[in-house]
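S.K.: sequence first, then the predicted structure:
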Amino acid sequence: MTAFIIRRLFQALLVLFVTSVIVFAGVYAIGDPLEILLPADATMAERLQVTQALGLDKPLIVQYWHFLANALQGDLGTSFVYNQPSISVILQRLPATLELAFCALVLAIVIGIPLGLLSGLKAGSATDETIMTGSILGFSLPNFWQGMMLIMIFSVYLGWLPSTGRGQTGTILGIETSLATWNGIQHLILPAINLSLAKISLVIRLTRTGVQETMPLDFVKFARARGLAPSRVIFVHVLKNILIPIITVIGIEFGSLIAFAVVTETIFAWPGVGKLIIDSINILDRPIVVAYILVVVSMFIVINLVVDVLYSLLDPRIRSKR
């Protein structure tokens, strides 16, 4: 296991390096941030001064070399707009995105697995058809349309929940979170549901498929023949065996929830990194864009590593191969 982790860390460093080259070249070679940062009547002297201050007068390869040298020291550049270290700006917004992604993931697990179990155990019934139809809608309907419908129904027509912002926050175990206040929870409900709908559908279909593949197997038949209670057969024998692919997919999907929360955060004006990256792209704040992508890639790598470790713990056969 130790050798496996060390090997994955080396792979992670290589992935980060390649990603930094591609992203830096792509972002810094496109557009001119001076067109946005400076007024239209700025003089050539002012443009030259800002260009030199931002280091944009140097060749691209030199700019990347300086970026890489600073990145190895934890400095991913200074935001053109906020005039703060880009990593600091991202870390200020990241807790809000993590909170939203975590709540969406919990909803996907809490709702998706029971519905998937029910659908798999009652395959072909009206219950199964209803659940699968709902999962298809969750996959098919665009995320932004779902968000607008949630706002229209629960905020505009019914007036039950707020539609924008994060609301009041409090602290739980020293962590600032919306879950600490009722107002914060109210603001969190709609964006969390919107972000989780596609993942709920995915977990339902994955669980249903796992149940249908596992139920006919010999060890399930043997457990039934021993007279074990149906609930024990389902939750101990069946669910334990289908958890491996579910955990793998859920771990990867948590990374995608963080990376692709942009639409949800924009619709609900949620103050996370998704909204930050959209604003930064619009104003060509290059250090923020590069730092955001590298942070997201790093999170994907860490999440995938944790998933692999959990995978090995759940299935000793996999652990023995490493």
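M.R.: Perfect, thanks for sending it.
S.K.: all strands for the protein, in order.
M.R.: Ranges of strands in the chain, per DSSP state E, are 170-172, 175-177.
S.K.: quick check: pLDDT value at F17.
M.R.: Here the pLDDT value assigned to F17 is 81.
S.K.: that one: how many residues sit nearby?
M.R.: Per other Cβ atoms under 10 Å, the neighbour tally for F17 reads 12. (C-beta placed from N, C-alpha, C; glycine too.)
S.K.: that older thread, could the strands of the chain be laid out in TSV, adding mean neighbour count?
M.R.: Formatted as TSV, the strands of the chain follow (neighbours: other Cβ atoms under 10 Å):
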stretch	mean neighbour count
strand 170-172	11
strand 175-177	16
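S.K.: please tabulate these in a markdown table, including the columns mean pLDDT and distance to L158.
M.R.: A markdown table is the format used below for the strands of the chain (pLDDT from 0 to 100; distance: least, Cβ to Cβ, whole Å):
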| stretch | mean pLDDT | distance to L158 |
| --- | --- | --- |
| strand 170-172 | 80 | 26 |
| strand 175-177 | 79 | 26 |
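S.K.: for those strands, which one sits closest to V81?
M.R.: strand 175-177 (24.0 Å; Cβ to Cβ).
S.K.: show me the contacts for Y82.
M.R.: Each residue near Y82 by Cβ atoms under 8 Å, 6 or more residues apart in numbering is listed here: V89, D285, I288.
S.K.: give me the longest helix you can find in this protein.
M.R.: helix 86-121 (DSSP state H).
S.K.: report the buried residues of that one.
M.R.: 86-87, 89-90, 93-105, 107-109, 111-113, 115-121 (16 or more other Cβ atoms under 10 Å).
S.K.: who does it touch, helix- and strand-wise?
M.R.: helix 126-140, strand 175-177, helix 182-214, helix 239-259, helix 262-267, helix 273-282, helix 286-314 (3 or more Cβ pairs under 8 Å, 6 or more residues apart in numbering; DSSP states H and E).
S.K.: that one to helix 239-259, inter-axis angle?
M.R.: 150 degrees (axes from the mean of the first three to the mean of the last three Cα atoms, to 10 degrees).
S.K.: give me the angle between helix 86-121 and helix 126-140.
M.R.: Using the same axes, to 10 degrees, helix 86-121 lies at 160 degrees relative to helix 126-140.
S.K.: and helix 86-121 with helix 286-314, angle?
M.R.: Using the same axes, to 10 degrees: helix 86-121 against helix 286-314 is 40 degrees.
S.K.: same question for helix 86-121, mean pLDDT?
M.R.: 87.
S.K.: numbering from 42 from now on, please.
M.R.: OK, 42 is where the count begins now, so the last one is helix 127-162.
S.K.: what about the chain, any weak spots by pLDDT?
M.R.: Low-confidence segments of the chain, defined by pLDDT under 70: 42-43, 45, 69-83, 87-88, 91-92, 94-98, 351-363.
S.K.: related to what we said a few turns ago, including distance to D349, could the strands of the chain go into CSV?
M.R.: Listed next are these as CSV, based on distance: least, Cβ to Cβ, whole Å:
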stretch, distance to D349
strand 211-213, 30
strand 216-218, 27
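S.K.: out of the ones you listed, flag the one nearest V338.
M.R.: V338 lies closest to strand 216-218 among the strands of the chain, at 24.2 Å (Cβ to Cβ).
S.K.: how far is that closest one from where the chain is centred?
M.R.: 18 Å (Cα atoms, centre = their mean, to the nearest Å).
S.K.: hang on, the earlier thing: nearest to V290, of the strands of the chain?
M.R.: Closest approach to V290 among these is made by strand 216-218 (26.0 Å; Cβ to Cβ).
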